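*Asks:* next come a sequence and a model predicted from it.
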Number of protein chains: 2
Amino acid sequence: MSEPVEQLRNHLATLSDLHNAAALLQWDQQTMMPPRGRGARAETAATLRRIAHERFTASETGALIDAARAALDGAPPDSDEARLVAVARRRWEKARRVPVELAAELARAASIGHEVWVQARAESNFALFEPYLRHNVELACQYVACFDGYDCHYDVLLDDYEPGMRTAEVARLFGQLKEELVPLIATLREHADRVDDAPLHGRFPVESQRRLVERTLALMGFDPMGWRLDEAVHPFATSVGRDDVRITTRWDESYFPAALFGAMHECGHGLYEEGIAAELQRTPLGQTESLGLHESQSRLWENMVGRGRSFSSALAPLVRECLGVGLDAERLYRAVNKVRPSFIRVEADEATYGLHIILRFELEQELIDGALAISDLPAAWNERFRASFGLEVPDDAHGVLQDVHWSAGLIGYFPTYALGNLIAGELWERAHADVADLEERIAAGQLAPLREWLRENVHRHGSKFTAVELLERVVGRPIEVGPFLSYLKAKLADVYRLEL
Amino acid sequence: MSEPVEQLRNHLATLSDLHNAAALLQWDQQTMMPPRGRGARAETAATLRRIAHERFTASETGALIDAARAALDGAPPDSDEARLVAVARRRWEKARRVPVELAAELARAASIGHEVWVQARAESNFALFEPYLRHNVELACQYVACFDGYDCHYDVLLDDYEPGMRTAEVARLFGQLKEELVPLIATLREHADRVDDAPLHGRFPVESQRRLVERTLALMGFDPMGWRLDEAVHPFATSVGRDDVRITTRWDESYFPAALFGAMHECGHGLYEEGIAAELQRTPLGQTESLGLHESQSRLWENMVGRGRSFSSALAPLVRECLGVGLDAERLYRAVNKVRPSFIRVEADEATYGLHIILRFELEQELIDGALAISDLPAAWNERFRASFGLEVPDDAHGVLQDVHWSAGLIGYFPTYALGNLIAGELWERAHADVADLEERIAAGQLAPLREWLRENVHRHGSKFTAVELLERVVGRPIEVGPFLSYLKAKLADVYRLEL
C-alpha cells in the first residue's frame, strides 16, 4: 500500500473507532441502560456523531483522499486500495454537504425519539410520539435539502442505506413483487386449513427457548468467545469490531418461532459482520454499507435455511428436546411456513412480508414529499393496511407505532428489507449451484459449508461493492424478483400441496 | 454566567460526553464484552482518550480558559464559575504536558493489560502478566517525566487521583495509622475466639443473595430507573451521566457478606455520582476527582453503616428472610466485624485493610523509583506480606495478582483507599453532630437522612473542592487519623468486649 493511501487509512481508522463506540452506546441503550439514562445518552451519542462528522468532513480528509487517488497509479479498480479511496471519496462528498449541527441534531433526536417511542408503543399512544416523529421528518427534509443531482427527494435517503439505488428502480421491483404476491396470498388464504400451525403455540418458558436458540445458533457459528445474545424490545444485531458481535431477540412465551427465527435472522446479520476480512478492519470498507445485502444475509438464514425443508430435519429434534414439542420435521416445516396476513411486520410470513415493506415505502415517500401530514399518518396507515391485507388495524401499537425506525430517524431504510429478500433469492440459487450437496448438509445440521460460501462470496468484501456490483460478480446480473419468487412459490406449493 | 465562561463550559461539555462514552466502554468491557472483543476495544478506548486529550490540550482551550478567567470579575472564589475555571486551568496545565501518543498508549495498554490480567489471575500466572505490568510501569515513568515541581516521582501519580496531596503527607498519616493498627490487630488476634463468624459461611444461592442485596440497596437509594447492578470479576462503580449509575458485585456462594457489603460499598460510590448537582453536569466539576473522597463514601456506607451496630437491626431480618440465616442483630453485628488477617484486600476487615494499602503504597514507590525490579515484585510482595500480616502467601493470585489496578496502569491510586477511611471517619463524626437521632434512624432502616446530609455536604459539590478543602468546609480541619481510629477502636472494643 502506498504511503498516501496508508495515511488516508490511518486517518480514517479513528472514524471506525468512533463508529464502534457509537455502536456500543446504541446497543447498550436498547439492552442495558436504565431508563433515566436517556438524557445523557442523547448528548453523548450526538457528540460522538458530531466529532466523527467534523473529522470526516474536514478539508484534511479531502486532501488525503486526493493524495491517495493520485498515488493509486494503476492499482486495479477492484483492489482494496482503489475501493478504499473510491468509497471514502463518495462518502466524503456526501458527508461534507451536511452541516455539523444538523448531523448532531439528527443523532440527538434519534436517541430521544427512540426512548419516547418505546413508551408510546407500550401505551399505543401516537399523540405522545407525534411531535418527535414530526421533528425527525423535518430533519430528514433538511437533510434532503443538502443534496442535488438526485431524481427525487426520497433518492437521497435511500442512497444512505442502499448506495447507488434509485427510488424508481425500487418502485419497479416492488411493482412486480406486489403483482405476484397479492394473488398468491389470496390463493393461500383459500387453502388456509391445509397447514396446521397450532403446535407452535403453547407455553414455552424463556429458559427452554433460550436453550433451543443457543443450540441452533451454535450450528450457525455463534461463539460466546466473540458473540452475545441479549433481549431487546426491537431485536437487532450490531458489532463493536468484528470479534464482538451482539445480537438480540425478543422472547414470546406463547409462540416459540418468534425468538428462534428472530435469533437466526440476527445471527445472519452477525455472521456478515464477523465475516468481513480482517485486513478491511478499521477502514471504511470494514463497515457494511448496503443494508439490502445485510438483510439478504439475515433473511437467507432465517427463512431459506431456518424455515427450509432440509433444516427442519435438524431442528425438529432440538425443538423436541428443548421444548418438549413432538413435531416431526415435515410437520414442523409446514407449520412454520403457514401464510397468514397479520399486523406486525417482524412477525410476518415470507409471502406477506413484502407487502408490509411496500406500505412503508409508499408512506415514507409521501411524508418526505409533504403529500401526507404527520397527523394523518395513522389513518393513512390503517386505510392502506385494510386495502392490502384485508385487516382492520386494532390500535397504533399494531399499526403505525410498531417499528423502531422512524423513532430513530431511519427514513428510507425499509425498502432494503424487501431488497434483501430479492438478493437472498439470487444468492440462494447460486449457492446451490456452487456448494455440493448443500441441502443434504443442511439437513444434517452442517451449516458451515453455506456459511463459508457466503463468507467467501459476500461477507469478506465488507463494503467494497454495492449490492448491484456484488450481485454482478457473484450471479452475473443485477437485482431481479425472479429467483426469490420462484423459490417462494416452489416452497409454498410444497407446503400447501398446491400448484402455484 | 458571563459569555466567556459559558463558551468555556460549552467547549468542555464535549469532553464530559467523551468521558461518558469511555466510562461505558470500560463498564462493558468488565461486565458484558465477549473475550475476543478486547483487541477492538483497546483501539476504541485509545482513540476516545486521544481525541479527548487533543481537544482538551488544544490551544483553543487555553484561550477560552484565559478569557473566562479575565471575565470572572469578582465572582466569589467558591462560586461554580470561579471553580470551573480554576479546575479547568489546573487540569489543562497538567494535561498539555502529556504527549498525545503517550496518552493514547496509556489507554491502549490499560485495556490490553486488563484482559491479560484476568487470565493471569485465573491461572495464578505472574509470568504471563509480567511484560504487561513492565510496560505499564514504563509508561507511568514516561508520564512522570512530563512533569516538574513535585517533591518526588510518586507525587505526580498521586496527584492524579488525589489532587493536591503529597507523598510525604500520606506517609505521615500512614505511619500514624500503622503504629496504631499493628498492636491493635495483635491484641484482637489473642482474643479471636470472642467473635464467632461461622454462621456467615455456608451455602447461599446467588438468587437469594441477589434479593438480599437488592432490598438492602433499595434502602440506600438504589433505583432501577437510574441504576444497574451487574457482576464483575473486580467489582467497581461507574456512571454514564448522573442518571445512569452502574455498580457491580461478585457473588460468593459460600460467604454472603462479600456480595452484600461489596454492593453497599459500590452503592456508596454510586450515590456520590448521582448526588452531584445537576447544574455541574457536562462541566469538569461534574466528574469527581478526589478518589479519597469517593472512597470515603463507599467505605462509610459499607463499614460505618453496613457493619454498624445500628444497621444490623435493619439487616438481620432481611438476612433471615432472604437467606434463612437466623442471626439476631447483635450476633450479626459481631460476626461481620471479626478481625482476621487474610490475603485479599477487598475481603479484608476494617482493621487490617489499612495494612494492605500501606504494603502497596510502599511497593509502588519503589517500582516507580526503580528501586524494585518487576521480576522481583512477587517475592517482595510475599516477604513484606509475611512481615506485616504473619501469613505465607500461597500463590500470586492471592498476592501480587489480586488487584486490577496495575493491569490498567492505575499506579498511585491505592493510597486513596486508606485516605478514604480517614475521611469517612471525619465525616461520620460530623454527621452524628448534625443529624438528629442518626443511629436510631439507621437502626430503623431509614438511611435517607444520612444520604441527604452527605449529598448536601459532599456529593453535590462534585469536584469543586479537593478533599482537604472539602474537609476544611465540613469539619474545619484537614485529614487526620484521629476520628477514624477512635471510631474503629470503639467499635472493636464493643465487638470484642475488650478495653482497647
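*Replies:* That came through fine.
*Asks:* got the confidence number for the residue most central in space within chain A?
*Replies:* Against the mean C-alpha coordinate of chain A, by CA atoms, centre = their mean, the closest residue is residue A:295 at 4.1 Å. At residue A:295, the model reports a pLDDT of 97.
*Asks:* secondary structure element for it?
*Replies:* In this assignment (DSSP states H and E), residue A:295 forms part of helix A:291-299.
*Asks:* do residue A:357 as well
*Replies:* Assigned by DSSP H and E, residue A:357 belongs to helix A:350-369.
*Asks:* for that helix, buried residues please.
*Replies:* Buried residues in helix A:350-369, counting neighbours by 16 or more other CB atoms under 10 Å in any protein chain shown, are found at A:350-365, A:367-368. All C-beta atoms are positioned from the backbone trio N, CA, C, and that covers glycine.
*Asks:* how much does it deviate in direction from helix A:291-299?
*Replies:* Taking axes from the mean of the first three to the mean of the last three CA atoms, to 10 degrees, one finds helix A:350-369 and helix A:291-299 inclined to each other by 150 degrees.
*Asks:* if we can go back for a sec, mind checking how far the residue nearest to the centre of chain A is from residue B:2?
*Replies:* Using CB to CB, to the nearest Å, residue A:295 is found at 53 Å from residue B:2.
*Asks:* repeat that for residue A:350.
*Replies:* In this structure, residue A:350 and residue B:2 are 64 Å apart, going by CB to CB.
*Asks:* what's the following helix or strand after the helix holding residue A:357?
*Replies:* For helix A:350-369, the following helix or strand on the C-terminal side (DSSP H and E) is helix A:377-389.
*Asks:* can you show me the CA trace of that next one as CSV?
*Replies:* Coordinates of each C-alpha in helix A:377-389 appear next as CSV, following Å, rounded to 0.1, in the frame of the first residue of the first chain:
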residue,chain,number,x,y,z
LEU,A,377,-50.4,9.1,9.2
PRO,A,378,-52.2,6.7,11.5
ALA,A,379,-55.4,7.0,9.4
ALA,A,380,-53.5,6.6,6.2
TRP,A,381,-51.7,3.6,7.6
ASN,A,382,-54.9,1.9,8.7
GLU,A,383,-56.7,2.6,5.4
ARG,A,384,-53.9,1.1,3.2
PHE,A,385,-53.4,-1.8,5.5
ARG,A,386,-57.0,-2.7,5.1
ALA,A,387,-56.6,-2.4,1.3
SER,A,388,-53.5,-4.6,1.1
PHE,A,389,-54.2,-7.1,3.8
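*Asks:* could you say what helices and strands that helix packs with?
*Replies:* helix A:126-144, helix A:350-369 (3 or more CB pairs under 8 Å, 6 or more residues apart in numbering or on different chains; DSSP states H and E).
*Asks:* tell me the first helix or strand C-terminal of that helix.
*Replies:* As assigned by DSSP H and E, the chain's next helix or strand after helix A:377-389 is helix A:415-434.
*Asks:* neighbours of the residue in the stretch 1-150 of chain A that chain B sits nearest to, how many?
*Replies:* For the stretch 1-150 of chain A and chain B, the shortest gap (CB to the nearest CB) falls at residue A:40, measuring 2.5 Å. Number of residues near residue A:40 (other CB atoms under 10 Å in any protein chain shown) recorded here: 22.
*Asks:* show me what contacts it?
*Replies:* Under the criterion of CB atoms under 8 Å, 6 or more residues apart in numbering or on different chains, the contact partners of residue A:40 comprise B:20, B:240-244, B:281.
*Asks:* now rank those by neighbours and give me the top one.
*Replies:* Neighbour tally across the contacts of residue A:40 (other CB under 10 Å): the maximum, 30 neighbours, falls on residue B:244.
*Asks:* ok now do residue A:140, which residues does it touch?
*Replies:* Going by CB under 8 Å, 6+ apart, residue A:140 touches A:157, A:368, A:409, A:411-412.
*Asks:* let's see that with 7 Å instead.
*Replies:* The neighbours of residue A:140, taking CB atoms under 7 Å, 6 or more residues apart in numbering or on different chains as the test, are A:157, A:368, A:409, A:411.
*Asks:* and if you look at residue A:360?
*Replies:* Contacts for residue A:360 (CB under 7 Å, 6+ apart) come out as residue A:414.
*Asks:* next one: it from residue A:394, what distance?
*Replies:* From residue A:360 to residue A:394 the distance is 19 Å (CB to CB).
*Asks:* please give the element, helix or strand, for the residue of the stretch 1-150 of chain A closest to chain B.
*Replies:* With the criterion set as DSSP H and E, the secondary-structure element containing residue A:40 is helix A:38-57.
*Asks:* tell me which other helices or strands whichever helix or strand comes after that helix touches.
*Replies:* Per DSSP H and E, the first helix or strand lying C-terminal to helix A:38-57 is helix A:59-72. Contact here means 3 or more CB pairs under 7 Å, 6 or more residues apart in numbering or on different chains; DSSP states H and E; on that basis helix A:59-72 packs against helix A:3-31, helix A:80-95.
*Asks:* need the residues that contact helix A:59-72.
*Replies:* Applying CB under 7 Å, 6+ apart, the external contacts of helix A:59-72 come out as A:2, A:4-5, A:7-8, A:11, A:81-82, A:85, A:88-89, A:92.
*Asks:* give me the buried subset of these.
*Replies:* A:4-5, A:7-8, A:11, A:81-82, A:85, A:88-89, A:92.
*Asks:* and the furthest pair within those?
*Replies:* For the buried ones among the contacts of helix A:59-72, the farthest-apart pair by CB to CB is A:11 and A:82; their separation is 17.4 Å.
*Asks:* tell me the residues of chain A that contact chain B?
*Replies:* Contacts of chain A with chain B, taken as CB under 7 Å from any CB of the partner chain, map to A:14, A:17-18, A:20-21, A:24-25, A:28, A:32-37, A:39-40, A:43-44, A:47-48, A:51, A:224-228, A:240-241, A:243-244, A:282.
*Asks:* which stretches in the stretch 151-300 of chain A count as helices?
*Replies:* Across the stretch 151-300 of chain A, reading from the start of the chain, the helices by DSSP state H, counting those that start in this stretch fall at A:153-161, A:167-190, A:206-220, A:256-275, A:291-299.
*Asks:* for those helices, which one sits closest to residue A:124?
*Replies:* helix A:256-275 (19.6 Å).
*Asks:* which secondary structure elements does the closest one contact?
*Replies:* Using 3+ CB pairs under 7 Å, 6+ apart, helix A:256-275 is in contact with helix A:206-220, strand A:237-239, strand A:245-249, helix A:291-299.
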